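Student: generate a structure from the sequence data that follows.
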Amino acid sequence: MRSKKKKFQELKTFNNVFEWDTKGVKKDLKKLFKQRKEIILELGCGKGEYTVQLAKRYPEKIFIGVDIQGERIWKGAKQAIEENLPNVYFLRVQIENIQEYIPKKSITEIWLTFPDPFPKDRQVKKRLTSPRFLDIYKKILKKGGVINLKTDSQGLYEYTLRQVVEGGLKIEKDCRDIYSEGNIENVTDIQTTFEKKHLEKGKKIKYLRFVLR
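Tutor: Below you'll find the predicted structure:
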């Protein structure tokens, strides 16, 4: 098993990883965005399981997993290289700073897969579907751009739904239990390690898809 330090060192040699503290990273990212393809982000991607699986299903699109934890990104990035997936990339950066690296109105979709629900009231601003973050997403999403939330947290699901309704946003899909409502879709049936653990505990998986712009 590689140590955390070795993973960080190896990460710097991967041609599918962009790191915020690397010289010329913004210039390199601009080259990626010049490609005439749909670009989808997964924020808080962890080990990149969802990002990689989406990329396999949609080879005509570009997928970028975003996370600040390099040792997590390492696994997805290495898998993408080993499996020769040319449409998978990872960006190591704090999500609140993402607009500094992603061009305005360049993203088609954003995926939030099992983000930390931050259940305490004093943690509201940290939720990835809080007004603070939605404002950031608006800057990088194209017109008609959508947000996909997949979560086991009833609290985060209800909170997000309130933000959507109060903001007058269009809901495209609203499932309180994707595996029992007969609403399972090709993109929502991907199961990460975290999701499998939630399902083993009998938790219901919610899915919300809404248009932000």
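Student: how about the helices in the protein?
Tutor: Counting by DSSP state H, the chain has helices at residues 4-11, 25-33, 49-57, 70-82, 131-140, 154-166, 193-200.
Student: and for the helix-or-strand element of the chain with minimal mean pLDDT, what's in contact with it?
Tutor: Least confident helix or strand of the chain, by mean pLDDT, DSSP states H and E, is helix 4-11 with a mean of 82. Residues outside helix 4-11 that contact it (CB atoms under 8 Å, 6 or more residues apart in numbering): 2, 17, 19, 70-71, 73-74, 77-78, 92. Any C-beta I mention is one placed from the backbone N, CA and C, and that applies to glycine too.
Student: from residue 146, how far out is residue 9?
Tutor: Residue 9 is 37 Å from residue 146, where distance means CB to CB, to the nearest Å.
Student: please say which of the two ends up with more neighbours.
Tutor: residue 146 (22 against 13; other CB atoms under 10 Å).
Student: list the contacts of the residue nearest in space to the middle of the chain.
Tutor: Nearest to the mean C-alpha position of the chain, by CA atoms, centre = their mean, lies residue 42 at 1.6 Å. Counting by CB under 8 Å, 6+ apart, residue 42 makes contact with 48, 50-51, 54, 63-66, 110-113.
Student: what's the neighbour count on the residue lying closest to residue 170 once chain neighbours are set aside?
Tutor: Spatial nearest neighbour of residue 170, excluding adjacent residues (CB to CB, 6 or more residues apart in numbering): residue 211 at 4.3 Å. Residue 211 has 15 neighbouring residues, counting by other CB under 10 Å.
Student: with residue 45 instead?
Tutor: Counted with other CB under 10 Å, residue 45 comes out at 26.
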